[in-house]
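Novice: Everything below, folded, please.
(one chain, ligands or ions: 2)
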Amino acid sequence: MLGLLAEREAEQAKVARMLHDDAGQVLSAIGLHLDVLRGDLTAEQSGQVVEMQKLLEQVIGRIRAASQALHANVVERAGLGFALEQLVGRARDKAVGVTIRLLVTPGERWPNEPAHAAYRIVEALLENALNHAMAQRIEVRMQAGVVEVRDDGRGFDLERKTNGLGLLQCRYLAKSAKLGMSIQSTAGHGTIVKLTLHGV
Ligand SMILES: Nc1ncnc2c1ncn2[C@@H]1O[C@H](COP(=O)(O)OP(=O)(O)OP(=O)(O)O)[C@@H](O)[C@H]1O
Ligand SMILES: [Mg+2]
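Specialist: Ligands and ions are numbered 1, 2, ... in the order given. You can find the predicted model right below:
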């Protein structure tokens, strides 16, 4: 019974990934090609291409929403621990030469709202760890009301202004779901982000 359920959730996660990573990426690429094409067109033709691009943006937005809804379903039905397994599996496929560990205490179960938020935050944190940290090891833990993402990368200055929106969005998501969120980062000594269920 449990096995069947897990299989179904894994299937949903796969569909979400296909929608987002495959279909979404291809449509974004078409949008970029259209940008290039516009340079060689008359004003009227170019206007039509702009209309096409707007439609593309709409479709991309819908795909993103559908993919998020499917992920949300997985988080709700199979639990945050299972959804994190899927997420980490995906990150492992992308990350070359980086070890990503996942530790989930069995039976750990979070209410839906903070679980959804934590899922999306961990997604953004993994992206950061893979894109910016130059880490060798990344660890995601879920235990006793805490979800933690740590990397052994180069760290960063939390006070430095950046154009990025990822961490801002994470803070917003955490606040809305009443999750505590703390970031510890030191140059050369990696980064630890903690999400706490009871805001401690
Ligand atoms: N784990 C990390 N290791 C090293 N530097 C980091 C890490 N996480 C974030 N940073 C630094 O903090 C900056 C802000 O991160 P943030 O996620 O807000 O934006 P971004 O990743 O640059 O862009 P976006 O998330 O909007 O695509 C990054 O550009 C990077 O310099
Ligand atoms: Mg980011």
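Novice: chain center to the helix ranked longest in the chain, what's the gap?
Specialist: Ranked by number of residues, the top helix in the chain under DSSP state H is helix 43-78. Relative to its parent chain, helix 43-78 has a centroid offset of 17 Å by Cα atoms, centre = their mean, to the nearest Å.
Novice: Quick check: next helix or strand after that helix?
Specialist: Note on helix 43-78: by DSSP states H and E, the next helix or strand toward the C-terminus is helix 80-94.
Novice: List of residues touching that following helix?
Specialist: Applying Cβ atoms under 8 Å, 6 or more residues apart in numbering, the contact partners of helix 80-94 are 6, 9-10, 13, 17, 71, 74-75, 100, 102, 104, 108-110, 115, 118-119, 122-123, 126, 130, 138, 140, 142, 147. From N, CA and C alone the C-beta is placed, and that goes for glycine too.
Novice: same thing with stretch 168-178?
Specialist: 113-114, 116-118, 120-121, 124-125, 179-181, 193, 195, 199.
Novice: ok, back up a step: among the contacts of helix 80-94, which ones are in helices?
Specialist: 6, 9-10, 13, 17, 71, 74-75, 115, 118-119, 122-123, 126, 130.
Novice: Can you tell me which of these comes closest to residue 37?
Specialist: residue 17 (29.5 Å; Cβ to Cβ).
Novice: Just list the residues touching that closest one, thanks.
Specialist: By Cβ under 8 Å, 6+ apart, the neighbours of residue 17 are 67, 90.
Novice: follow-up on the earlier one: and the longest helix of the chain, what other elements does it pack with?
Specialist: helix 2-17, helix 25-38, helix 80-94, helix 112-131 (3 or more Cβ pairs under 8 Å, 6 or more residues apart in numbering; DSSP states H and E).
Novice: Tell me the residues of this structure that contact ligand 1?
Specialist: Taking Cβ under 6 Å from any ligand atom, the part of the chain that reaches ligand 1 is made up of 128-129, 132-133, 151, 153-156, 162, 164-168, 191.
Novice: If we use 5 Å, what do you get?
Specialist: Applying Cβ under 5 Å from any ligand atom, we find that the chain lies next to ligand 1 at 128, 129, 132, 133, 153, 156, 162, 164, 165, 166, 167, 191.
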